[in-house]
Structures are given as C-alpha cells and as structure tokens.
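S.K.: Model the structure of this input:
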Amino acid sequence: MSRREIAREDPDHEFAIRQARESDVEHVVRFTRDTWGDRHGDYLPDVFDEMVAGDGPDQRTLVVDVDDGDDVAGVLQCVMLSDTEAWAQAMRVNPDYRGRNLSPELSRAAFRWARDRGAVVCRNMVFSWNVAGLGQSRSVGFGPMTEFRWLQPDPDADADPALDVVGDPDAAWAYWTASDAREHLRGLAMDDEESWACSELTRADLRNAADRDGLFVVADGGTRAMSALAYTYDRETDDGETVTWGIYHVAGWDDTEALDALTDAVARDAAERGIDETRILIPEGVRWVSDAAAARTPVSDEPDFVLAADLTDDSLY
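M.R.: As a prediction, the model looks like this:
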C-alpha cells in the first residue's frame, strides 16, 4: 500500500498510512503498554511483533506514520477470514495524537484493502464496557450486529454426560441452522484459524471438528445441543506457568438438561486434551445466561459486541 497523507491541516506533524514494519514495534509497545490498565491490560505489547511478521496476502497491519518514521500515531490490523469476510482488530490511537481524525482514515484504508481482496463485510469485536471503542467503531461505519458471552466449563476427566453425545457433523449442522442461537448470533462463531475473531460457521467447520474428535452433539430423542472445538493455544502467565486454552466455536442447546450433557462432554474432552481453561461462545441473552447459571456452569461476567461494516457501501471509502 502506498503512503497516503492525512491530517494535512496539522501544522506540527506529517501523517501517512502505510504497512507496519519491524521498526514500528517499539513505538506501538510504548503507547499501548498502559491501555486498559484498570481492566486486564492490552495484549498488543506482547504480540505486535508477531502481527507485523505475519503479514501476507490475507493479512495487513497498518500504522499511521508520524514524520517519516519518527513515531506511530495509530495501528489497525485487517485479516481475511474467508473469500468474503474480513476482520478488523487491534485498533489503537496513540494518546499523543488523539483529536486529529486519524482513526477514520485508518479504518477506511483497512476497508479498501479488504474490499480489493473480495470482502463484502468487515467485522470487529469490542468489549461491552469499552464505550470509547464502540463510539469509534460506529463513527467509521461499523453497525451493531450481535453480542455474546463465554461459557467456561471446568475441565473434568470424570465428567459423565447423562445423555448420549455423538460426533455427527450433519446432525450438528441441521441443528445449528434451525437454532435460535444461530439466529441471535447471525450465523457467527469463533473462527478456527484467526484467534479471537468471529466468522460464519460452516458445515466444513463442523466436519473438521469431527475429524479431530472435537464435535459434541447431544442426541436424545432428537438433536438437543451442539458445540465444536475451534482451536487450542498456550499462554504464559506472569508467574511463568503455561496455561492451555481451548476455544470452542459456539454452543446451542434446547434446555438445561441438554446443556448439562453438553458441558460434561466438553469438560471431559478438555481434560483429556490437557486443556486448562475453556471458552465457548454463546449468545448473550437472559435465556442462555440463566440456563448456564441454572446448570452451575461458569459464564463470563460481561458480554462482548460484534459490529459489521458493509463494504459494498461506497460511502465508507
């Protein structure tokens, strides 16, 4: 992507949008080190070097360059999740340069990059408590799409589902396509390649999970619940310990009895895989969250929001 000058009216600095490079890492680490310090901190200082190194045909990390490499005023990464779906993440603006209308230009550059590769939609995820991030997303063209929480059953090698659980991808697909969970989530689930991204769940995703023995379908008098393993990853804690996380595409169920059997199946499988912590995407809503509470299954305290931009809308650019 060629350099694109922005904020020409600023008398003190010259800004340009370009692809990130290794020399940007120290600048980005510096201005993101204290982001959300009152919450859980920012992940960017730990992974930005990997993000830059991982750029390729389906991924582009963009920065707002300040004075030809003297500093970085903002960052945003865009990833192609499928032939038509793009995902925007890691949007940050350096506090030293806020108020200069940088984030809209950065978002428009990401939209153009994704549209040039065939994407018709670009989505992002924002914590529900991040009011500033929600406002920024809406201001650049993202509209509200859906909301979800994490179901977090504890791994348990002794868990014993009270109902039959099978690994039938066709049954799982039929259940998913007719479920209220799919309707609420607009077809989205956790992507199985890009971490912390949501894409449309496909029949192939379920077949791939079944091939890895990671598909769980509660079948008792018909299909009553389903979930599927998307991926696992390891993260080192501040104490130097390695924690293995298991991320599951999504879960849907008919009632608390079916949910009990589903979470027991996941808990047992997680223990067998050596997973320490689980996260299963579920719809945000009183029915799903209260079902989890009634089934005594841990659930995250707050929802996350997914927003989407229609890249066929020329006004975004």
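S.K.: What residues of stretch 52-66 count as buried?
M.R.: Neighbour counts using 16 or more other C-beta atoms under 10 Å place 52, 55, 60-66 of stretch 52-66 among the buried residues. (Each C-beta comes from the backbone N, C-alpha and C, glycine too.)
S.K.: Inside strands: which ones of those residues?
M.R.: Counting by DSSP state E, the buried residues of stretch 52-66 place 60-66 in strands.
S.K.: With respect to T263, which of these is nearest?
M.R.: Of all those, T61 has the smallest distance to T263: 36.9 Å, by C-beta to C-beta.
S.K.: who does the closest one bridge with?
M.R.: For T61, the residues forming beta bridges with it (DSSP bridges) are Q77.
S.K.: you'd agree it is up against V52?
M.R.: Yes - when contacts are counted by C-beta atoms under 8 Å, T61 is listed as touching V52 (5.5 Å).
S.K.: could you dump the buried residues of stretch 52-66 to JSON lines with distance to V243 and pLDDT?
M.R.: Converted to JSON lines, these look like this (distance: C-beta to C-beta, whole Å; pLDDT from 0 to 100):
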{"residue": "V52", "distance to V243": "25", "pLDDT": "97"}
{"residue": "D55", "distance to V243": "28", "pLDDT": "98"}
{"residue": "R60", "distance to V243": "30", "pLDDT": "98"}
{"residue": "T61", "distance to V243": "26", "pLDDT": "98"}
{"residue": "L62", "distance to V243": "31", "pLDDT": "98"}
{"residue": "V63", "distance to V243": "31", "pLDDT": "98"}
{"residue": "V64", "distance to V243": "34", "pLDDT": "97"}
{"residue": "D65", "distance to V243": "36", "pLDDT": "97"}
{"residue": "V66", "distance to V243": "37", "pLDDT": "96"}
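S.K.: circling back to that earlier point, which residues are common contacts for T61 and V52?
M.R.: For the pair T61 and V52, residues contacting each of them under the criterion C-beta atoms under 8 Å, 6 or more residues apart in numbering are A20.
S.K.: Buried residues, the longest strand belonging to the chain. List them.
M.R.: Residue-count comparison of every strand in the chain, with assignments taken from DSSP E, identifies strand 223-236 as the longest. For strand 223-236, a neighbour-count test (16+ other C-beta under 10 Å) marks 223-232 as buried.
S.K.: Of these, which is the nearest to L201?
M.R.: When the buried residues of strand 223-236 are compared for distance to L201, the smallest value, 8.3 Å, is given by A228; criterion: C-beta to C-beta.
S.K.: what about the closest residue to the closest one other than its chain neighbours, which SS state?
M.R.: The spatial neighbour of A228 that comes closest, neighbours along the chain excluded (C-beta to C-beta, 6 or more residues apart in numbering), is A209 at 3.8 Å. Per DSSP: H, G, I helix; E, B strand; the rest coil, the secondary structure class of A209 is helix.
S.K.: quick one: A209 from V217, how far?
M.R.: To V217, A209 is 10 Å away according to C-beta to C-beta, to the nearest Å.
S.K.: out of the two, which sits in the busier spot?
M.R.: Neighbours were tallied for A209 and for V217 using other C-beta atoms under 10 Å; the higher tally belongs to V217 (27 against 23).
S.K.: I'd say that one and M226 touch.
M.R.: Yes - taking contact to mean C-beta under 8 Å, the distance of 4.9 Å between V217 and M226 places them in contact.
S.K.: list residues touching both of the two?
M.R.: Contacts common to V217 and M226, judged by C-beta under 8 Å, 6+ apart, are 171-172, 175.
S.K.: Turn those into JSON lines, columns for neighbour count, distance to V79 and pLDDT.
M.R.: Formatted as JSON lines, the shared contacts of V217 and M226 follow (neighbours: other C-beta atoms under 10 Å; distance: C-beta to C-beta, whole Å; pLDDT from 0 to 100):
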{"residue": "A171", "neighbour count": "18", "distance to V79": "31", "pLDDT": "98"}
{"residue": "A172", "neighbour count": "30", "distance to V79": "26", "pLDDT": "98"}
{"residue": "Y175", "neighbour count": "24", "distance to V79": "29", "pLDDT": "98"}
